[in-house]
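In: Here's a sequence, model it:
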Amino acid sequence: MSISTTLFNSLTGLNAASRAAELVSSNVANSMTEGYGVRSLELSSRTVGLSGSGVHVDGVVRNVDEVLIENRRLAQSAVSYGDTLTGFLKEMEQVIGTPDQPGSLSDRIAAFESSLISASSNPASDARLVGVLNTADDLVTHLKSISSSIQAARVNADRDIGVQVDTLNKGLKNIEQINISIQESLAHGKDPSALMDLRQSVIDDISSIVPLRQVPRANGKVALFTPGGAILLDGRAAEIGFSRTATIVPEMTLAGGALSGLTINGNSVETAGARSPVGGGSLAALFEIRDEAAVSAQVRLDAVARDLVERFQDPALDATRAPGDPGLFTDAGAVFASGNEVALSSRLALNAAVDPDQAGAVWRLRDGLGAAAPGDVGDGRLLADLTGALTAGRIASSGGFSAMLRDSSTLASEFLSGIRASRDDAELSLSHSAARSESLKLMELETGVDTDAEMQKLLLIEQAYAANAKVMTSADEMIQLLLQI
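Out: From the prediction side, this is the model:
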């Protein structure tokens, strides 16, 4: 081997050692950076003819476990779905209120019942009659408040769907541009690892919205699909379409065409059920809240309101009412018709005949809604009958409740129990998803930067650098010696 060949070989070794030291430095500096892939140097021996000619730096390898990352993303998406749905169900439970909470639905029904019993024991007391009026009004107000909260949750879900669709579109466009940048870097012989880190981070960000599967493509690009089969990125990013609705009322549904669905490149897609191509992330949970969970809660709330109205609308309860007149609880002041149940809870109102603010009088609670003048102040029979109507066993006419006899308080408790059971199921599923997600995150961290291994690698690099430097020094000494001859 000639001196010049020796110098060249050692120079290539120094260059390789320098590049390797840079990668170790980058690995250690980014040991806590999410989405960072561990870099390693890929080397090969150079040969000219049959003689060795140093070391060749083939490139930088970004070491990541793509299968582990994909599983972690799917788990992350499931956590996002469960967290979104659980949040809604918790909110509904708080709005309805548990029986032990003052001001809950059950508490207001109990207060109404108690006021009726109190008034029937002393029907001459105007204060006790006013107590019946106030507790009945509180019950109506609370049912209306629950209905308003349900529709507000639908409006919020619709708004959040719009925000997430915008985020998803921007993320997909960003990934499309990063794909192009990676291709250009490879074409110019540059290291695209930093761009790949950025791409992984962007994909991680949107994977909580919809579950994603990453498929490699030529020239360092990737394609993105959902487990349900939707193509979100393959060369070009898909365009996700959605139109927001500013105001939502119970009568507005997706099936009825009053609310916007989701489109991919202009084609409508299912947003709920096992066949949904976007199921599993927070976007699917928001659609489920807007179009299923909240709608179901409204239906059951309207059934509770209907049960309350029909208990006091029975013609046999108050002989002073004319046929076809409403009872104590009305549908916006009118008699309730069974075909007009949707949003009844939001229209519920007390009969104006008992409300002094509407030119009524509280003594009609004692003497009858159709009474023209006060009767016997000591006659509490109607008040007792009203109490009996509230506490009588009755089969709910709608709402999907089981066919069993219940009093008004039991029906309200069953309404709350349905929400709580759904919440318990959602929390259990969320707990499993969260545990799986955390396990996969820990496994991913274990495949990340090992600082101890990197420092050991640095010691070997230093030794290699020193050895190549010693060769160059020796070659230089030989050249100087030859020049002196």
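In: Now the closest residue to Ala334 other than its chain neighbours. Its backbone dihedrals?
Out: Computed as C-beta to C-beta, 6 or more residues apart in numbering, the closest residue to Ala334 that is not its neighbour in sequence is Pro326, at 6.1 Å. For the C-beta atoms, the positions are set from N, CA and C on the backbone; glycine is no exception. Geometry field for Pro326 lists phi and psi as phi -70, psi 160, criterion degrees, to the nearest 10.
In: Please report the distance of Pro326 from Asp367.
Out: Between Pro326 and Asp367 the computed distance is 17 Å (C-beta to C-beta, to the nearest Å).
In: Distance check, the residue nearest to Ala334 against Ala353.
Out: Using C-beta to C-beta, we find Pro326 at a distance of 9 Å from Ala353.
In: show me what contacts Leu308?
Out: Listed by C-beta atoms under 8 Å, 6 or more residues apart in numbering, the contact set of Leu308 reads 139, 143, 329, 348, 408.
In: Could you export those residues as a markdown table, including distance to Gly87?
Out: Compiled in a markdown table, those are given as follows (distance: C-beta to C-beta, whole Å):
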| residue | distance to Gly87 |
| --- | --- |
| Leu139 | 27 |
| Leu143 | 23 |
| Phe329 | 32 |
| Leu348 | 27 |
| Ser408 | 30 |
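In: Could you point out the member of these that lies closest to Asn468?
Out: Using C-beta to C-beta, the shortest approach to Asn468 within the contacts of Leu308 belongs to Leu143, at 83.2 Å.
In: What is the distance between the helix or strand containing that closest one and the centre of its chain?
Out: Secondary structure from DSSP states H and E places Leu143 in helix 126-187. Here the centre of helix 126-187 is set off from its chain's centre by 10 Å, with C-alpha atoms, centre = their mean, to the nearest Å.
In: now stretch 234-249
Out: Using C-alpha atoms, centre = their mean, the distance from the centre of stretch 234-249 to the centre of the chain it belongs to is 17 Å.
In: Likewise for stretch 476-485?
Out: The mean C-alpha position of stretch 476-485 is separated from the chain mean by 75 Å, C-alpha atoms, centre = their mean.
In: Going by neighbour count, list what's buried in it.
Out: Neighbour counts using 16 or more other C-beta atoms under 10 Å place no residue of stretch 476-485 among the buried ones.
In: how about it as PDB, C-alpha atoms only?
Out: These are the backbone C-alpha positions of stretch 476-485, laid out as PDB (Å, rounded to 0.1, in the frame of the first residue of the first chain):
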ATOM      1  CA  ASP A 476       3.000  12.500   7.400                       C
ATOM      2  CA  GLU A 477       6.200  11.600   9.300                       C
ATOM      3  CA  MET A 478       7.200   9.100   6.500                       C
ATOM      4  CA  ILE A 479       6.600  11.800   3.800                       C
ATOM      5  CA  GLN A 480       8.700  14.300   5.800                       C
ATOM      6  CA  LEU A 481      11.500  11.800   6.200                       C
ATOM      7  CA  LEU A 482      11.500  11.100   2.500                       C
ATOM      8  CA  LEU A 483      11.600  14.800   1.700                       C
ATOM      9  CA  GLN A 484      14.700  15.100   3.900                       C
ATOM     10  CA  ILE A 485      16.700  12.500   2.000                       C
END
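In: I'd like the average pLDDT over it.
Out: Confidence over stretch 476-485 (mean pLDDT, whole number) is 79.
In: Which residues does it contact?
Out: Identification of contacts with stretch 476-485 by C-beta under 8 Å, 6+ apart yields Ile3.
In: Could you find the closest non-adjacent residue to Ala426?
Out: Nearest to Ala426 is Thr86, by C-beta to C-beta, 6+ apart, at 4.5 Å.
In: Identify the residues contacting the one you found.
Out: Contacts of Thr86 by C-beta under 8 Å, 6+ apart are 423, 426-427, 430.
In: Locate it within the secondary structure: which element?
Out: Under the criterion of DSSP H and E, Thr86 resides in helix 66-96.
In: you'd agree Ala223 is in a strand?
Out: Yes. Going by DSSP: H, G, I helix; E, B strand; the rest coil, the assignment for Ala223 places it inside a strand.
In: With Ile175 as the reference, measure out to it.
Out: Plainly put, Ala223 is 10 Å away from Ile175 if you go by C-beta to C-beta.
In: Give the other helices and strands that the lowest-mean-pLDDT helix or strand in the chain contacts.
Out: Considering only helices and strands, the least confidently modelled element of the chain by mean pLDDT, DSSP states H and E is strand 51-63, at a mean of 74. Of the remaining helices and strands, those touching strand 51-63 by 3 or more C-beta pairs under 8 Å, 6 or more residues apart in numbering; DSSP states H and E are helix 3-29, strand 38-48, helix 193-206.
In: can you tell me which residues contact the nearest residue to Glu93 once chain neighbours are set aside?
Out: The spatial neighbour of Glu93 that comes closest, neighbours along the chain excluded (C-beta to C-beta, 6+ apart), is Ile419 at 5.3 Å. With contact set as C-beta under 8 Å, 6+ apart, Ile419 has these partners: 89, 92-93, 96, 297.
In: pLDDT (mean, whole number) over whichever helix or strand Ile419 is part of?
Out: Under the assignment given by DSSP H and E, the secondary-structure element containing Ile419 is helix 408-446. Helix 408-446 carries an average pLDDT of 93.
In: buried set for it?
Out: Along helix 408-446, these residues count as buried under the neighbour rule (16+ other C-beta under 10 Å): 408-416, 418-420, 422-423, 426-427, 429-430, 433-434, 436-437, 440, 444.
In: and the residue nearest the centre of the chain, what does it touch?
Out: Among the residues of the chain, Thr84 comes closest to the average C-alpha position under C-alpha atoms, centre = their mean, at 2.7 Å. With contact taken as C-beta under 8 Å, 6+ apart, Thr84 is in contact with 282, 285-286, 289.
In: Next, format those residues as TSV and append pLDDT and neighbour count.
Out: As requested, the contacts of Thr84 are arranged in TSV below (pLDDT from 0 to 100; neighbours: other C-beta atoms under 10 Å):
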residue	pLDDT	neighbour count
Ser282	96	21
Ala285	96	25
Leu286	97	27
Ile289	97	27
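In: Which of the residues you listed fall in helices?
Out: Judged by DSSP state H, those include 282, 285-286 as members of helices.
In: how about the nearest residue to Asp355 once chain neighbours are set aside, what does it touch?
Out: Once its chain neighbours are removed from consideration, Asp355 has its nearest residue in Leu133; the separation is 6.9 Å (C-beta to C-beta, 6+ apart). Residues counted as contacts of Leu133 (C-beta under 8 Å, 6+ apart) are 350, 354-355, 362, 365.
In: Using the three-state scheme, assign the spatially closest residue to Gln200 that is not a sequence neighbour.
Out: Counting by C-beta to C-beta, 6+ apart, Gly35 is the residue found nearest to Gln200 once chain neighbours are left out, at 4.4 Å. For Gly35, the assignment made with three-state DSSP gives coil.
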